[in-house]
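Visitor: build the 3D model from these lines:
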Amino acid sequence: MKLYKIIATMLCSILFLSACSTLTKEEYIDAVAKEENEAVASISKAEDMSLTLDERKTYIDKTIKAMQNAKKISPPDEFTSAHEEYKKYAELLTKEFEKVKEKLNDKSLYESLDKKTFDKMTEHEQNFRNALGSEWKEKYSNKLDKLD
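Guide: Down below sits the predicted model:
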């Protein structure tokens with residue numbers, strides 16, 4: 001029984017340390033870009049009018065999950081303020097797509113978005129990029145999938 005307690009204590013310590021560790025700048029940019037790319041890919045699929053409403057809702061859910069994951073990323077100290085802007089952007093996007101999902105119909109998703117909220121999301125996303133600084137802003141932009 002003591003062995004189980006020791007193993008459990010060790011595992012809890014490892015989990016705690018891994019949860020508290022922050023990423024390097026490069027790892028942070030990679031992680032945010034990965035989640036952003038997943039969100040964009042899912043929302044692009046949700047735009048496909050040939051899919052059923054349930055299938056489209058599934059892709060909206062994937063978008064929301066990716067944005068929630070991105071909010072949980074632990075930034076390096078230099079990107080703390082940038083990540084706060086990203087969290088505001090992700091929170092607005094999540095709330096807006098939750099609303100869109102509830103009233104989903106045969107209209108484009110973007111037509112269903114609230115204009116003021118969309119503008120606010122765009123502002124926070126731009127503030128995030130600016131807070132990264134020019135070098136990291138460019139690296140982040142280069143890691144985003146280009147939709148042609």
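
Visitor: could you pull out the helices in the chain for me?
Guide: Along the chain, the stretches classed as helices by DSSP state H are 2-20, 25-46, 53-71, 80-102, 109-112, 115-132, 134-143.

Visitor: so what's the residue nearest in space to the middle of the chain scoring on pLDDT?
Guide: For the chain, the residue sitting closest to the mean C-alpha position, by CA atoms, centre = their mean, is M67 at 2.6 Å. pLDDT recorded at M67 is 96.

Visitor: dump the residue contacts of the residue lying closest to it once chain neighbours are set aside.
Guide: Distance criterion CB to CB, 6 or more residues apart in numbering; nearest residue to M67, sequence neighbours excluded, is A90 at 4.3 Å. Backbone N, C-alpha and C define where each C-beta goes, glycine included. Contact analysis of A90 by CB atoms under 8 Å, 6 or more residues apart in numbering lists 67-68, 70-71.

Visitor: apply 6 Å and report the result again.
Guide: Contact analysis of A90 by CB atoms under 6 Å, 6 or more residues apart in numbering lists 67, 70-71.

Visitor: hmm, the residue nearest to the centre of the chain is touching T94, no?
Guide: Yes - contact status for M67 versus T94: in contact at 5.1 Å, counting by CB atoms under 6 Å.

Visitor: from I43, how far off is I60?
Guide: 7 Å (CB to CB, to the nearest Å).

Visitor: what of E78?
Guide: For E78, the distance to I43 - CB to CB - is 29 Å.
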